[in-house]
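Chemist: Okay, structure incoming, though there's no sequence with it:
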């Protein structure tokens, strides 16, 4: 399987005219490269000024900062090759996990190898190679199912710990939708196994619940900050049940039989005629997959598991017309899930199981020895050719320099002429310089960015600029980027009307509600007016008040101020929980101003002000993760058994022993 995985990614890893593309560059390469560079320079980038005039970088789960399998790449330094290696590693992980999970079910190693290839090299993994976090989380599906089965067979402390670690690792990959689907599938499998063992039901439920609880605890370092970011982002108000895109479309099923049925394989997707997002509707799993799966559904005694994965998801993915989607959408987390068809990997795994069952039955009834070799050889050649060699979805046919690095390097040289520690440039939304989040690799901070978790207030402020261009002044952007007509070049123009990073309000307008505040942005001149939402004491503006930046870092600003009255300070830093303002060591309450930015009322007088970002939920999450890690270690390692009460926990299971007598199990320290 190592050789097959290498063959599938041969062009990406070993040639110079192939590279990652789309979100693999815009989201994953840009964020991982920035994180790696910051860590190697000795900085932990909790907050970055490079995107959206400031953004809680490490709170974003998509960064994958806490995903253990990313750590070696982050420490070594991220290049496009690093992302390619991550994709290859997780393809191998999916194949090996599927092989180990199916081996006792299929009772034939050739059939298990075939099932592993049909999942790990499936069309889902090829089409979603741009969505690195999604692919990483999906690769853990067979491992979680393997852990659930092992736990149901013998719920030892070590198996509880192993399942908790596997699920936590999957969660830390940072793709919420895929993690939710994987967890649901593992939960359904656990329920099915528990129902088959009524005498052990209570203990098995307790063991699975403990593993799930520990997994959430282990992932808290990412989960808690991510939850806070989601609550403050544009996703907080998203109700995906009202959307009508990303549902299962019948024409997508044609790609199961012929890879280019919808025209997705052409370079640049020329001739594609399927549903809107080409990456969502490419499902080719090999010419042998469908007939083998049909044989497995008819003949394999373990077909119930494949159907357990396929039928509920397909029913759900149909959308509101099927009925199940509407019921599931009321569950926590599911109401904000867009494009449920992205969970096709569940169907892909179910089909791989059924197809493996079909091959196992066939090899058991046809004793011709070369048959297994022929089936595997055909599958490898078929899958590698269609899902890699000629597949435009899997990677881009160009070198990284040609595809996106050359324009980025040219822009970096151009922007270096204005770069400085406090320089921010206004960028028209959506301008691509090399790639969408290339600002993370450029020498100046930007007002733009690309992230589904963009802060709500800031997003609404940027949108209001289209109706009121004066709002650009409030972004503290000293330069404006003006793209050429073809967006292949740009000019850098000074913006003399830009407000400073910190300024006292000239006049105050109380809006009473967020809705009225958004409406008021259309008429606001930030140079003369500052909006506040609530009737809170905001002082009396002093026309002679002054404030200067003494020192500035990405997550802290030191100011010196003087004012005759208590005065409202406006900072062109997006408002987000964790920003604190202290005057002479005493905290000052913060509040959002101008709907998007950070404000604080400074007392009359003069002195120094420290404005600093302290991610409190990160430290709480880290504490919970460390406590959970200790508990897992105590469960797994007998030598640490005295350090945690969890280590003494034993499920009180009884079952019928020899001759039908009740024998209490002794789980001891491990397996």
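Modeler: Right, received. Where do you want to start? As the structure is a prediction and not an experimental result, all values here were calculated from the model. Numbers count the residues shown, from 1 in each chain.

Chemist: And residue 301, how far from residue 360?
Modeler: 10 Å (C-beta to C-beta, to the nearest Å). (Each C-beta comes from the backbone N, C-alpha and C, glycine too.)

Chemist: Oh, that last question was meant for residue 312, not what I typed.
Modeler: Here residue 312 is placed at a distance of 24 Å from residue 360 (C-beta to C-beta).

Chemist: between those two, who's got more neighbours?
Modeler: Taking neighbours as other C-beta atoms under 10 Å, residue 312 and residue 360 compare with residue 360 leading, 27 against 17.

Chemist: contacting residues for the residue lying closest to the more buried one once chain neighbours are set aside?
Modeler: Among residues not flanking residue 360 along the chain, residue 111 sits closest, at 3.8 Å (C-beta to C-beta, 6 or more residues apart in numbering). With contact taken as C-beta atoms under 8 Å, 6 or more residues apart in numbering, residue 111 is in contact with 102, 356, 357, 359, 360, 363.

Chemist: Check the closest residue to the fourth one other than its chain neighbours and give its pLDDT.
Modeler: The reference is to residue 359. Of all residues not flanking residue 359 in the chain, residue 111 sits nearest, at 4.2 Å (C-beta to C-beta, 6+ apart). You'll see residue 111 listed with a pLDDT of 97.

Chemist: name the element residue 111 belongs to?
Modeler: Per DSSP states H and E: residue 111 is located in helix 109-120.

Chemist: follow-up on the earlier one: which ones among the contacts of residue 111 lie within helices?
Modeler: Of the positions in those, 102, 356, 357, 359, 360, 363 sit in helices, assigned by DSSP state H.

Chemist: In the residues you listed, which residue is surrounded by the most others?
Modeler: Busiest of those [other C-beta under 10 Å] is residue 356, holding 33 neighbours.

Chemist: From residue 534, how far off is it?
Modeler: For residue 356, the distance to residue 534 (C-beta to C-beta) stands at 61 Å.

Chemist: Please apply the same query to residue 527.
Modeler: From residue 527 across to residue 534, the span is 23 Å (C-beta to C-beta).

Chemist: Likewise for residue 34?
Modeler: Distance of residue 34 to residue 534, given as C-beta to C-beta: 36 Å.

Chemist: Looking at the two, which one has more neighbours?
Modeler: Neighbour totals were compared for residue 34 and residue 534, and residue 34 leads with 21 against 11 (other C-beta under 10 Å).

Chemist: what's the domain layout of this protein?
Modeler: Residue ranges for the domains of the chain, per automatic domain parsing: 2-389, 408-494, 502-614.

Chemist: Which one of those lies nearest to residue 635?
Modeler: domain 2-389 (4.2 Å; C-beta to C-beta).

Chemist: re earlier: relative to the whole chain's centre, how far out is the helix holding residue 111?
Modeler: Here helix 109-120 is found 28 Å from its chain centre; the criterion is C-alpha atoms, centre = their mean, to the nearest Å.

Chemist: Buried residues, that helix. List them.
Modeler: Under the neighbour-count criterion of 16 or more other C-beta atoms under 10 Å, helix 109-120 has 110, 111, 112, 113, 114, 115, 116, 117, 118, 119, 120 buried.

Chemist: next one: stretch 510-527
Modeler: The neighbour-count check on stretch 510-527 (16+ other C-beta under 10 Å) flags 511, 517, 518, 520, 521, 524, 526 as buried.

Chemist: cool, stretch 557-570 as well?
Modeler: Residues of stretch 557-570 classed as buried: 557, 559, 561, 562, 563, 566, 567, 568, 569, 570 (neighbour count, 16+ other C-beta under 10 Å).

Chemist: what's the first-to-last distance across it?
Modeler: Criterion C-alpha to C-alpha, to the nearest Å; first-to-last residue distance in stretch 557-570 is 13 Å.

Chemist: Then stretch 127-143?
Modeler: 22 Å.

Chemist: same thing with stretch 398-406?
Modeler: Stretch 398-406 end-to-end distance (C-alpha to C-alpha) = 12 Å.

Chemist: That one - what's its average pLDDT?
Modeler: For stretch 398-406, mean pLDDT is 95.

Chemist: and if you look at stretch 134-150?
Modeler: Mean per-residue pLDDT for stretch 134-150: 98.

Chemist: got the contact list for residue 570?
Modeler: With C-beta under 8 Å, 6+ apart, residue 570 has these contacts: 499, 502, 503, 504, 505, 526, 530, 593, 594, 597, 598, 599.

Chemist: my read is it is in a helix, agree?
Modeler: No - counting by DSSP: H, G, I helix; E, B strand; the rest coil, residue 570 is not part of a helix but strand.

Chemist: That one bridge partners, please.
Modeler: Here residue 570 shows beta-bridge partners residue 503, residue 599, assigned using DSSP bridges.

Chemist: Show the pLDDT at it.
Modeler: 97.

Chemist: Low-confidence stretches in the stretch 401-550 of the chain?
Modeler: 535 (pLDDT under 70).

Chemist: Try it again at 50.
Modeler: Counting by pLDDT under 50, the stretch 401-550 of the chain shows no low-confidence range.

Chemist: What's the local residue count around residue 318?
Modeler: 18.

Chemist: which residues touch it?
Modeler: For residue 318, the contact set (C-beta under 8 Å, 6+ apart) comprises 247, 248, 324, 325.

Chemist: Backbone dihedrals for it, please?
Modeler: Backbone geometry at residue 318, expressed as degrees, to the nearest 10, gives phi -60, psi -30.

Chemist: ok, it to residue 554 distance?
Modeler: Noted for residue 318: a distance of 46 Å to residue 554, by C-beta to C-beta.

Chemist: List the contacts of residue 518.
Modeler: Shown in contact with residue 518 (C-beta under 8 Å, 6+ apart): 460, 464, 595.
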